[in-house]
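Got a sequence here, can you build the structure:
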Amino acid sequence: MKTVLILGNGLSRLLLDKKIKAFRGEVWGCNRVYLDYGEKLTLLYGHQDVVHEGGLYRDEHHLHYKLAGTNEFQLQCNFLYRKDSGTTLAAEALTRGYKIILCGFDLGGPDLYSPDMEKKNKSVWVDRWRLIYKKFGSQNIEWWGHDHSSFIMSGRDKAEYYRNYSNGLPHLPESDYKNLIENNPAGNVLDRLPCAILHNIGKREWTFYEFNQKIGDNGKIKMPLSTCEKYKDLYPGDFEICTI
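Numbering: from 1, shown residues only. All right, here's what the predicted structure looks like:
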(Lines give C-alpha, C1' and ligand atoms only; values in the text may rest on other atoms or scores of the structure.)
Protein backbone atom coordinates (compact mmCIF):
# COMPACT_ATOMS: atom_id res chain seq x y z
CA MET A 1 0.00 0.00 0.00
CA LYS A 2 1.31 3.42 -0.97
CA THR A 3 2.07 5.74 1.96
CA VAL A 4 1.77 9.52 1.72
CA LEU A 5 3.22 11.94 4.25
CA ILE A 6 0.87 14.91 4.71
CA LEU A 7 2.29 18.08 6.26
CA GLY A 8 0.21 20.52 8.25
CA ASN A 9 1.41 23.80 9.66
CA GLY A 10 0.96 23.39 13.38
CA LEU A 11 3.84 24.41 15.60
CA SER A 12 4.68 20.79 16.46
CA ARG A 13 6.01 20.27 12.94
CA LEU A 14 9.21 22.04 13.98
CA LEU A 15 10.05 19.03 16.15
CA LEU A 16 10.00 16.65 13.20
CA ASP A 17 12.14 18.42 10.62
CA LYS A 18 14.80 15.70 10.35
CA LYS A 19 12.19 12.97 10.10
CA ILE A 20 10.37 14.84 7.35
CA LYS A 21 13.56 15.37 5.36
CA ALA A 22 14.48 11.70 5.71
CA PHE A 23 11.11 10.46 4.45
CA ARG A 24 11.19 8.69 1.11
CA GLY A 25 7.90 8.84 -0.70
CA GLU A 26 5.19 11.27 -1.72
CA VAL A 27 4.83 14.36 0.45
CA TRP A 28 1.62 16.38 0.31
CA GLY A 29 1.36 19.73 2.04
CA CYS A 30 -1.02 22.48 3.06
CA ASN A 31 -0.85 26.15 2.11
CA ARG A 32 2.53 27.85 2.69
CA VAL A 33 4.36 24.69 3.69
CA TYR A 34 6.10 25.07 0.31
CA LEU A 35 8.27 27.79 1.90
CA ASP A 36 10.03 25.17 4.03
CA TYR A 37 9.62 21.91 2.12
CA GLY A 38 9.22 22.89 -1.51
CA GLU A 39 11.93 20.45 -2.58
CA LYS A 40 10.21 17.57 -0.74
CA LEU A 41 6.64 18.32 -1.81
CA THR A 42 4.90 16.37 -4.54
CA LEU A 43 1.47 18.00 -4.04
CA LEU A 44 0.26 21.33 -2.61
CA TYR A 45 -3.29 22.22 -1.62
CA GLY A 46 -4.86 25.13 0.24
CA HIS A 47 -6.59 28.47 -0.17
CA GLN A 48 -6.89 29.44 -3.81
CA ASP A 49 -4.70 32.52 -3.50
CA VAL A 50 -2.00 30.60 -1.65
CA VAL A 51 -2.01 27.77 -4.18
CA HIS A 52 -1.55 30.36 -6.95
CA GLU A 53 1.28 31.90 -4.93
CA GLY A 54 2.80 28.44 -4.44
CA GLY A 55 2.68 27.83 -8.17
CA LEU A 56 4.59 31.02 -8.88
CA TYR A 57 7.16 30.08 -6.22
CA ARG A 58 7.50 26.59 -7.70
CA ASP A 59 8.17 27.89 -11.18
CA GLU A 60 10.61 30.53 -9.97
CA HIS A 61 12.61 28.00 -7.96
CA HIS A 62 12.36 25.14 -10.50
CA LEU A 63 10.48 22.81 -8.17
CA HIS A 64 8.19 19.98 -9.17
CA TYR A 65 5.14 19.65 -6.91
CA LYS A 66 1.66 19.63 -8.41
CA LEU A 67 -1.17 21.97 -7.43
CA ALA A 68 -4.23 20.10 -6.18
CA GLY A 69 -7.61 21.37 -7.24
CA THR A 70 -6.28 22.46 -10.62
CA ASN A 71 -5.97 20.62 -13.92
CA GLU A 72 -2.61 19.32 -12.64
CA PHE A 73 -4.31 17.17 -9.99
CA GLN A 74 -8.08 16.73 -9.80
CA LEU A 75 -9.53 15.88 -6.40
CA GLN A 76 -11.59 12.69 -6.15
CA CYS A 77 -12.77 12.75 -2.54
CA ASN A 78 -16.37 13.54 -1.65
CA PHE A 79 -17.17 17.25 -1.32
CA LEU A 80 -18.23 16.50 2.26
CA TYR A 81 -14.53 16.41 3.20
CA ARG A 82 -13.35 19.47 1.26
CA LYS A 83 -13.72 21.98 4.08
CA ASP A 84 -10.11 22.75 4.95
CA SER A 85 -6.70 21.86 3.57
CA GLY A 86 -5.61 19.15 5.96
CA THR A 87 -8.78 17.07 6.05
CA THR A 88 -9.16 17.46 2.27
CA LEU A 89 -5.72 15.99 1.64
CA ALA A 90 -6.27 13.24 4.19
CA ALA A 91 -9.62 12.26 2.67
CA GLU A 92 -8.16 12.45 -0.83
CA ALA A 93 -5.32 10.07 -0.03
CA LEU A 94 -7.61 7.64 1.81
CA THR A 95 -10.14 7.78 -1.03
CA ARG A 96 -7.35 6.72 -3.39
CA GLY A 97 -6.55 3.77 -1.14
CA TYR A 98 -3.33 5.15 0.35
CA LYS A 99 -2.05 4.94 3.88
CA ILE A 100 -1.35 8.38 5.37
CA ILE A 101 1.11 9.80 7.88
CA LEU A 102 -0.01 13.10 9.44
CA CYS A 103 2.64 15.54 10.64
CA GLY A 104 2.14 19.05 11.99
CA PHE A 105 -1.58 18.67 12.62
CA ASP A 106 -2.21 20.08 16.09
CA LEU A 107 -5.97 20.62 15.65
CA GLY A 108 -5.64 24.21 16.82
CA GLY A 109 -3.08 26.34 18.59
CA PRO A 110 -0.26 28.37 17.00
CA ASP A 111 0.26 28.09 13.26
CA LEU A 112 3.61 28.54 11.53
CA TYR A 113 2.28 30.90 8.85
CA SER A 114 -0.93 32.43 10.24
CA PRO A 115 -0.41 34.89 13.11
CA ASP A 116 -2.80 34.67 16.08
CA MET A 117 -4.25 31.32 14.99
CA GLU A 118 -4.23 30.27 18.65
CA LYS A 119 -6.89 32.91 19.32
CA LYS A 120 -9.33 31.31 16.89
CA ASN A 121 -11.72 28.52 17.79
CA LYS A 122 -10.77 25.63 15.54
CA SER A 123 -13.03 23.06 17.21
CA VAL A 124 -14.69 22.47 13.85
CA TRP A 125 -11.47 20.77 12.79
CA VAL A 126 -12.24 18.06 15.37
CA ASP A 127 -15.66 17.56 13.75
CA ARG A 128 -14.03 17.14 10.35
CA TRP A 129 -11.47 14.60 11.55
CA ARG A 130 -14.28 12.68 13.24
CA LEU A 131 -16.09 12.46 9.90
CA ILE A 132 -12.94 11.05 8.29
CA TYR A 133 -12.44 8.45 11.00
CA LYS A 134 -16.09 7.45 10.76
CA LYS A 135 -15.81 6.98 6.99
CA PHE A 136 -12.34 5.51 6.59
CA GLY A 137 -11.49 4.08 10.02
CA SER A 138 -8.13 4.45 11.76
CA GLN A 139 -6.17 1.51 10.37
CA ASN A 140 -4.49 3.49 7.60
CA ILE A 141 -3.85 6.68 9.60
CA GLU A 142 -0.57 7.28 11.45
CA TRP A 143 0.38 10.41 13.39
CA TRP A 144 3.86 11.80 13.84
CA GLY A 145 4.03 13.79 17.04
CA HIS A 146 0.88 13.78 19.10
CA ASP A 147 -1.58 11.02 18.15
CA HIS A 148 -5.06 12.56 18.22
CA SER A 149 -6.84 9.28 17.46
CA SER A 150 -8.19 8.59 20.93
CA PHE A 151 -9.54 12.14 21.25
CA ILE A 152 -11.07 12.07 17.77
CA MET A 153 -12.75 8.70 18.36
CA SER A 154 -13.97 9.61 21.84
CA GLY A 155 -17.10 11.45 22.87
CA ARG A 156 -15.08 14.18 24.55
CA ASP A 157 -16.03 17.81 24.03
CA LYS A 158 -14.62 19.05 20.73
CA ALA A 159 -13.78 22.40 22.40
CA GLU A 160 -11.46 20.76 24.94
CA TYR A 161 -8.35 21.77 23.03
CA TYR A 162 -9.66 25.28 22.37
CA ARG A 163 -10.17 26.06 26.04
CA ASN A 164 -6.44 25.59 26.56
CA TYR A 165 -4.84 27.22 23.53
CA SER A 166 -7.17 30.22 23.57
CA ASN A 167 -5.88 30.96 27.07
CA GLY A 168 -2.25 30.70 26.01
CA LEU A 169 -1.81 27.19 27.41
CA PRO A 170 -0.43 24.20 25.50
CA HIS A 171 -3.31 21.93 24.50
CA LEU A 172 -1.02 18.96 23.78
CA PRO A 173 0.65 17.16 26.69
CA GLU A 174 4.14 16.50 25.31
CA SER A 175 6.89 18.43 27.11
CA ASP A 176 8.67 19.36 23.87
CA TYR A 177 5.47 20.94 22.58
CA LYS A 178 5.14 22.92 25.81
CA ASN A 179 8.67 24.20 25.31
CA LEU A 180 7.79 25.36 21.80
CA ILE A 181 4.81 27.29 23.14
CA GLU A 182 6.92 28.99 25.78
CA ASN A 183 9.69 29.92 23.33
CA ASN A 184 7.35 30.89 20.47
CA PRO A 185 9.78 30.04 17.63
CA ALA A 186 7.38 30.69 14.73
CA GLY A 187 8.68 33.30 12.31
CA ASN A 188 6.84 36.09 10.56
CA VAL A 189 5.60 34.93 7.18
CA LEU A 190 5.43 38.56 6.01
CA ASP A 191 9.23 38.60 6.06
CA ARG A 192 9.36 35.69 3.63
CA LEU A 193 6.89 36.64 0.91
CA PRO A 194 6.29 39.42 -1.61
CA CYS A 195 3.96 41.78 0.25
CA ALA A 196 1.88 44.87 -0.44
CA ILE A 197 -0.45 47.24 1.37
CA LEU A 198 -4.18 46.68 0.96
CA HIS A 199 -6.00 50.02 1.25
CA ASN A 200 -9.68 50.11 2.18
CA ILE A 201 -11.18 52.75 -0.10
CA GLY A 202 -14.74 51.69 0.69
CA LYS A 203 -16.90 52.58 3.66
CA ARG A 204 -17.14 49.20 5.37
CA GLU A 205 -15.12 47.71 8.19
CA TRP A 206 -13.32 44.54 7.17
CA THR A 207 -12.03 41.63 9.22
CA PHE A 208 -9.23 39.59 7.67
CA TYR A 209 -9.20 36.06 9.00
CA GLU A 210 -5.69 35.46 7.62
CA PHE A 211 -4.20 37.87 10.16
CA ASN A 212 -7.02 38.29 12.68
CA GLN A 213 -7.13 42.06 12.09
CA LYS A 214 -9.77 44.65 11.30
CA ILE A 215 -9.50 47.84 9.27
CA GLY A 216 -12.09 50.57 8.87
CA ASP A 217 -12.74 53.23 6.25
CA ASN A 218 -9.40 54.35 4.72
CA GLY A 219 -7.54 51.75 6.77
CA LYS A 220 -4.51 49.86 5.51
CA ILE A 221 -3.01 46.44 6.21
CA LYS A 222 0.20 44.75 5.09
CA MET A 223 -0.39 41.28 3.67
CA PRO A 224 1.16 38.87 1.16
CA LEU A 225 0.70 40.20 -2.36
CA SER A 226 -1.37 37.15 -3.34
CA THR A 227 -3.83 37.84 -0.52
CA CYS A 228 -4.07 41.53 -1.43
CA GLU A 229 -4.80 40.55 -5.03
CA LYS A 230 -7.51 38.15 -3.87
CA TYR A 231 -9.43 40.89 -2.03
CA LYS A 232 -8.90 43.37 -4.85
CA ASP A 233 -10.29 40.87 -7.37
CA LEU A 234 -13.27 39.98 -5.20
CA TYR A 235 -14.14 43.53 -4.13
CA PRO A 236 -12.66 45.95 -6.68
CA GLY A 237 -14.74 48.87 -5.42
CA ASP A 238 -13.55 48.45 -1.85
CA PHE A 239 -9.79 48.03 -2.16
CA GLU A 240 -6.70 49.25 -3.91
CA ILE A 241 -3.20 47.80 -3.69
CA CYS A 242 -0.29 50.02 -2.75
CA THR A 243 3.29 48.92 -3.22
CA ILE A 244 5.60 48.95 -0.23
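
make it CA atoms for all contacts and neighbour counts henceforth
Will do.

The closest residue to residue 84 other than its chain neighbours: neighbour count?
Using C-alpha to C-alpha, 6 or more residues apart in numbering and skipping residues adjacent in sequence, the residue nearest residue 84 is residue 46, 7.4 Å away. Neighbourhood size, residue 46 [other C-alpha atoms under 10 Å]: 22.

pretty sure residue 46 contacts residue 85?
Yes - with contact defined as C-alpha atoms under 8 Å, residue 46 counts as touching residue 85 (5.0 Å).

shared neighbours, those two?
Counting by C-alpha atoms under 8 Å, 6 or more residues apart in numbering, the residues touching both residue 46 and residue 85 are 30, 31.

Buried residues, the lowest-mean-pLDDT helix or strand in the chain. List them.
Of all helical and strand segments in the chain, the minimum by mean pLDDT, DSSP states H and E falls on strand 213-215, at a mean of 90. Buried residues in strand 213-215, counting neighbours by 16 or more other C-alpha atoms under 10 Å, are found at residue 215.

what does it contact?
Counting by C-alpha under 8 Å, 6+ apart, 200, 205, 206, 207, 208, 221 sit against strand 213-215.

Now go through these and say which are in strands.
200, 206, 207, 208, 221 (DSSP state E).

and those, which are buried?
Buried by 16+ other C-alpha under 10 Å: 200, 221, out of the ones in strands among the contacts of strand 213-215.

quick one on the thing from earlier: distance of the residue nearest to residue 84 relative to residue 141?
According to C-alpha to C-alpha, to the nearest Å, residue 46 and residue 141 sit 21 Å apart.

With residue 44 instead?
Counting by C-alpha to C-alpha, the gap from residue 44 to residue 141 is 20 Å.

so where do the helices sit in this structure?
Secondary structure of the chain, counting by DSSP state H: helices at 17-22, 34-37, 48-60, 85-95, 123-136, 149-153, 160-165, 175-183, 225-234.

so what are the domain limits for the protein?
What automatic domain parsing lists as the domains of the chain is 3-183, 194-242.

Tell me how far the longest one lies from the chain's centre.
Between the mean C-alpha point of domain 3-183 and the mean C-alpha point of its chain there is a distance of 6 Å (C-alpha atoms, centre = their mean, to the nearest Å).

Could you give the average pLDDT over it?
Regarding domain 3-183, the rounded mean pLDDT is 96.

how about stretch 210-220: buried residues?
Neighbour counts over stretch 210-220 (16+ other C-alpha under 10 Å) mark 215, 219, 220 as buried.

Just give me the closest of those to residue 62.
Distances from residue 62 to the buried residues of stretch 210-220, taken as C-alpha to C-alpha, are shortest for residue 220 (33.9 Å).

Quick check: closest non-adjacent residue to the closest one.
Closest residue in space to residue 220, ignoring its immediate chain neighbours: residue 199 at 4.5 Å, by C-alpha to C-alpha, 6+ apart.

Show the model's pLDDT score for the one you found.
On pLDDT, residue 199 comes in at 97.

What of the one 5 residues further on?
For residue 204, the pLDDT comes out at 92.

got the contact list for it?
216, 217.

distance of it from residue 219?
From residue 204 to residue 219 the distance is 10 Å (C-alpha to C-alpha).

just residue 49 next, same as before
Relative to residue 219, residue 49 is positioned 22 Å away (C-alpha to C-alpha).
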